[in-house]
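In: Curious how this folds, go ahead:
(one chain, ligands or ions: 2)
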Amino acid sequence: MSDPLDRRGLMLVLSSPSGAGKTSIARALLAREPALEMSVSVTTRPPRPGEVDGRDYHFIDEAAYQRLVAEDGLLEHARVFDHHYGTPRQPVEAALAAGKDVLFDIDWQGAQQLKGRAEDDLVTVFILPPSADELARRLTTRAQDSAEVIARRMAKAADEMSHWSDYHYIVVNQDLEQSIAEVAAILTAERLRRKRRPGLARFVNTMRQAEE
Ligand SMILES: Nc1nc2c(ncn2[C@@H]2O[C@H](COP(=O)(O)OP(=O)(O)O)[C@@H](O)[C@H]2O)c(=O)[nH]1
Ligand SMILES: Nc1ncnc2c1ncn2[C@@H]1O[C@H](COP(=O)(O)OP(=O)(O)O)[C@@H](O)[C@H]1O
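Out: Ligands and ions are numbered 1, 2, ... in the order given. From the prediction side, this is the model:
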């Protein structure tokens, strides 16, 4: 008998203006969801204090980035805040083939590119801050960027936020625990979608035959 839980992996995208909380939400989700894998992006931006190469990003130089683009090694890529960011293709394809779900912390440009390539497998969530003041406070208290970088990220936030309506789900990150629970609920519901569960038809047929 086929496994009724047999299903296709999905791609869960989290986007937000910088500082709204997507990294915090992503970390908590990964800790509680064993079937969820993080897509670790490449970036040409320098590491922040505390960031670990290979865990938070693969930190690479411009030449290595250009090589990856040229050999079609990135599923999507974009320029954000003067640096290049991209999603390595191979680990995502391997995870999906193994029936795992993949979590992406990418911006609206990346989400749009994935939509063009894999719309059926894509679930997108936009994280909004509860207010502009709170966003400024979070960017400042994170204390990992210079005042100049923070000011530029703040200026860019309004621009980022204008893309909220392109996303399937919107989470307002006021209380972190509640936001984590909301994104976990989205993941649970999307995993149960009929189209992602090709094993169900045979499962039901087998039950019906057993009753005849
Ligand atoms: N398109 C795309 N965007 C990415 C990728 N990796 C990170 N980003 C986005 O780049 C922006 C800046 O990321 P980062 O420098 O880590 O600062 P953060 O906003 O504090 O997370 C965020 O909006 C990320 O979601 C990627 O691989 N592709
Ligand atoms: N709901 C929340 N309430 C208060 N602080 C938060 C909340 N969510 C995140 N933060 C804090 O705000 C800062 C930015 O969060 P982070 O997850 O790094 O955002 P992003 O990845 O979107 O840039 C961090 O210092 C984080 O601890």
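In: What count of nearby residues applies to Ala136?
Out: Taking other C-beta atoms under 10 Å as the criterion, the count of residues near Ala136 is 17. Where C-beta positions appear, they are placed from N, C-alpha and C, glycine not excepted.
In: Which positions within the helix or strand of the chain with the lowest mean pLDDT qualify as buried?
Out: Sorted by mean pLDDT, DSSP states H and E, the helices and strands of the chain end with helix 147-161, the least confident at a mean of 84. Buried positions in helix 147-161, judged by neighbour count with 16 or more other C-beta atoms under 10 Å: Val149, Ile150, Arg153, Met154, Ala157, Glu160, Met161.
In: cool, stretch 168-188 as well?
Out: Neighbour-count burial for stretch 168-188, counted by 16+ other C-beta under 10 Å, picks out Tyr169, Val171, Asn173, Ser179, Ile180, Glu182, Val183, Ala184, Ile186, Leu187.
In: does any part of that stretch sit near ligand 1?
Out: No: between stretch 168-188 and ligand 1, judged by C-beta under 6 Å from any ligand atom, nothing touches; the nearest distance is 13.1 Å.
In: which outside residues touch that stretch?
Out: Among residues not part of stretch 168-188, those counted as contacts by C-beta atoms under 8 Å, 6 or more residues apart in numbering are 12, 14, 16, 20-21, 24-25, 28-29, 32-33, 36, 101, 123-130, 164.
In: Tell me the backbone dihedrals of the closest residue to Tyr85 other than its chain neighbours, please.
Out: Excluding the flanking residues, the one nearest Tyr85 by C-beta to C-beta, 6 or more residues apart in numbering is Thr43, at 4.8 Å. Torsion angles at Thr43 (phi, psi; degrees, to the nearest 10) stand at phi -150, psi 150.
In: For beta bridges, what are the partners of Thr43?
Out: Residues in a beta bridge with Thr43, per DSSP bridges, are Phe59, Tyr85.
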